[in-house]
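> For reference, the sequence and a predicted model appear below.
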Protein chains: 2
Amino acid sequence: MLYPNKSKTVFNKNITYGNRGMDLESLINKSNLYYLENDIALIYKKPTPIGISDVKYRNNKKIIDKAYFKEKSTLDYNGIYKGKYLDFDAKETKNRTSFPLNNLSKHQLNHIYKVLEHGGISFLIISINDIIYLLKGEDIKHYIENNNTKSIKYDYIKEKGIPIKLGLNPVLDYLNVINKIYFKEN
Amino acid sequence: MLYPNKSKTVFNKNITYGNRGMDLESLINKSNLYYLENDIALIYKKPTPIGISDVKYRNNKKIIDKAYFKEKSTLDYNGIYKGKYLDFDAKETKNRTSFPLNNLSKHQLNHIYKVLEHGGISFLIISINDIIYLLKGEDIKHYIENNNTKSIKYDYIKEKGIPIKLGLNPVLDYLNVINKIYFKEN
């Protein structure tokens, strides 16, 4: 794995979907590649921020000798779709009754709010109880403002979230859900 | 420096602007922080993509033991401003007569074109002859399509580019130029 994700250590690393043998991040990356190659959208995963403590030169090539993972203040994915700015993250939880909010740093939550304020589209893709939901930033904000809690109840995710179906191409067509929510398509 | 930039090795590392003692990247990062803190725009520098060859655990903390710099296929900066998607890069050259196009990978050039196709705003901030220009993606595309060349002539940059003034807060107000070009403000 090229980009180990610190936050994943608290999650199940082995959730696979159907017989695809892919984790949630791989499903999204593969779908983004499909969107890119078919000129549907331009969405990239941001590289994990890395702090470099030591750089050496070997055969005139710069090599990182010591480095560490830094905390993220934004979300993993952003890009453009139908002229709109998109910014989101993907999270998996084994918890069956709620989505623990310690999966999101305070900076990341604040980032979601800021994207909304600036007129962008922000959301989370949450895998819980073997279903992959898209939960709008607006709904996350509403829940947190009205519930002094450390997690989002599964009932709320079930009520407000929209399940994303697994398919062939793309494997996880979350933009289809975005169409329905933000572009009022059926 | 936390994120050594491979492409910079061919450039002058010591260009400073006025008596600010900052390089171009620092000027932009500082301006982005100003835009962020004043709720003007949400623009971040993407972390340099790093390939990790070896990860070790020390005191239960994940530490990167061997890593290398990967080639970029997108631009350094992206974000949202006035509801629009922004995607750009910053380049410095010591060359006085032209901007060498080997500063941009083919992937990066293609990325500029794709952002434009999807309705986003893409441009380069180019420092040449002690002037910092904003050159629109559309103008870059037009030049490259009409000139089979390995560089963009300074005359063209002077004609089409818009100089960005250095100020106090923000130090490099490139969004002021974006206002004039894309939002028709004066």
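Received it, and whenever you're ready, just let me know what you need. Residues are numbered from 1 along each chain as shown, chains lettered A, B, ... in the order given.
> going forward, measure contacts between C-alpha atoms and count neighbours the same way
OK.
> Spell out which residues of chain A are next to chain B.
Where proximity means C-alpha under 8 Å from any C-alpha of the partner chain, the interface of chain A facing chain B comprises A:2-3, A:41-42, A:46-53, A:62-69, A:79-85, A:114-115, A:118-120.
> any idea how far the longest helix that chain A contains is from the chain center?
Under DSSP state H, the helix in chain A containing the largest number of residues is helix A:24-37. Its chain's C-alpha centre lies 12 Å from the corresponding centre of helix A:24-37 when counted by C-alpha atoms, centre = their mean, to the nearest Å.
> What helices and strands are in contact with whatever helix or strand comes next after that helix?
Downstream of helix A:24-37, the next assigned helix or strand under DSSP states H and E is strand A:41-45. If you count contacts as 3 or more C-alpha pairs under 8 Å, 6 or more residues apart in numbering or on different chains; DSSP states H and E, strand A:41-45 packs onto helix A:24-37, strand A:77-81.
> For the first one, buried residues please.
Just to be clear, that refers to helix A:24-37. Applying a neighbour-count criterion of 16 or more other C-alpha atoms under 10 Å in any protein chain shown, the buried positions in helix A:24-37 are A:24-25, A:27-35.
> Report the contact partners of A:Gly120.
A:84-87, B:80, B:83-84 (C-alpha atoms under 8 Å, 6 or more residues apart in numbering or on different chains).
> ok, now A:Ser31?
Per C-alpha under 8 Å, 6+ apart, neighbours of A:Ser31: A:169-173.
> And the residues you listed, which of them are buried?
Among the contacts of A:Ser31, the ones that count as buried (16+ other C-alpha under 10 Å) are A:170-173.
> Same list (those) but as JSON lines, adding secondary structure.
Putting the buried ones among the contacts of A:Ser31 into JSON lines (DSSP: H, G, I helix; E, B strand; the rest coil) gives the following:
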{"residue": "A:Pro170", "secondary structure": "coil"}
{"residue": "A:Val171", "secondary structure": "coil"}
{"residue": "A:Leu172", "secondary structure": "strand"}
{"residue": "A:Asp173", "secondary structure": "coil"}
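> could I get these as CSV with pLDDT and distance to A:Ile140?
Converted to CSV, those look like this (pLDDT from 0 to 100; distance: C-alpha to C-alpha, whole Å):
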residue, pLDDT, distance to A:Ile140
A:Pro170, 95, 26
A:Val171, 95, 25
A:Leu172, 97, 21
A:Asp173, 97, 21
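> The residue positioned nearest the centre of chain A pairs with what?
Compute the mean C-alpha point of chain A, and by C-alpha atoms, centre = their mean the closest residue is A:Asp89, 1.8 Å away. Note on A:Asp89: beta-bridge partners by DSSP bridges are A:Leu124.
> Looks like it contacts A:Ile125 (just checking).
Yes - the pair A:Asp89 and A:Ile125 passes the contact test of C-alpha atoms under 8 Å, sitting 6.2 Å apart.
> Next, the angle strand B:50-58 makes with the helix or strand encompassing A:Asp54.
When secondary structure is defined using DSSP H and E, the element that contains A:Asp54 is strand A:50-58. Per axes from the mean of the first three to the mean of the last three C-alpha atoms, to 10 degrees, the angle that strand A:50-58 makes with strand B:50-58 is 100 degrees.
> buried stuff in strand A:50-58?
If you call a residue buried by 16+ other C-alpha under 10 Å, then strand A:50-58 has these buried ones: A:50-52.
> Which single one of those residues is nearest to B:Tyr182?
For B:Tyr182, the closest of the buried residues of strand A:50-58 turns out to be A:Ile50, at 34.2 Å, with distances computed as C-alpha to C-alpha.
> residues near the residue lying closest to that closest one once chain neighbours are set aside, how many?
Closest residue in space to A:Ile50, ignoring its immediate chain neighbours: A:Phe69 at 4.8 Å, by C-alpha to C-alpha, 6 or more residues apart in numbering or on different chains. By other C-alpha atoms under 10 Å in any protein chain shown, the residues close to A:Phe69 number 18.
> chain center to stretch A:96-107: distance?
On the basis of C-alpha atoms, centre = their mean, stretch A:96-107 is displaced by 13 Å from the centre of the chain it belongs to.
> tell me how far the ends of that stretch are from each other?
25 Å (C-alpha to C-alpha, to the nearest Å).
> Could you pull out the buried residues of it?
Of all the residues in stretch A:96-107, those buried under the rule 16+ other C-alpha under 10 Å are A:98-99, A:103-105.
> Inside strands: which ones of the residues you listed?
In this view, those that belong to strands under DSSP state E are A:98-99.
> Pull stretch A:86-94 out as PDB, backbone CA atoms only.
Coordinates of each C-alpha in stretch A:86-94 appear next as PDB, following Å, rounded to 0.1, in the frame of the first residue of the first chain:
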ATOM      1  CA  LEU A  86     -16.500  18.700  -5.000                       C
ATOM      2  CA  ASP A  87     -14.800  17.900  -1.700                       C
ATOM      3  CA  PHE A  88     -15.300  14.700   0.200                       C
ATOM      4  CA  ASP A  89     -13.900  11.800   2.200                       C
ATOM      5  CA  ALA A  90     -14.600   8.100   2.600                       C
ATOM      6  CA  LYS A  91     -14.900   6.300   5.900                       C
ATOM      7  CA  GLU A  92     -15.500   2.700   6.900                       C
ATOM      8  CA  THR A  93     -16.700   1.600  10.300                       C
ATOM      9  CA  LYS A  94     -17.400  -1.800  11.800                       C
END
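> what's in contact with it?
Looking at what lies outside stretch A:86-94 - C-alpha under 8 Å, 6+ apart - the contacts are A:11-12, A:24-25, A:43, A:75-80, A:99-100, A:103, A:112, A:115, A:120-129.
> rerun that using 7 Å as the cut-off
With C-alpha atoms under 7 Å, 6 or more residues apart in numbering or on different chains as the test, stretch A:86-94 has contacts from A:11-12, A:25, A:75-80, A:99, A:120-128.
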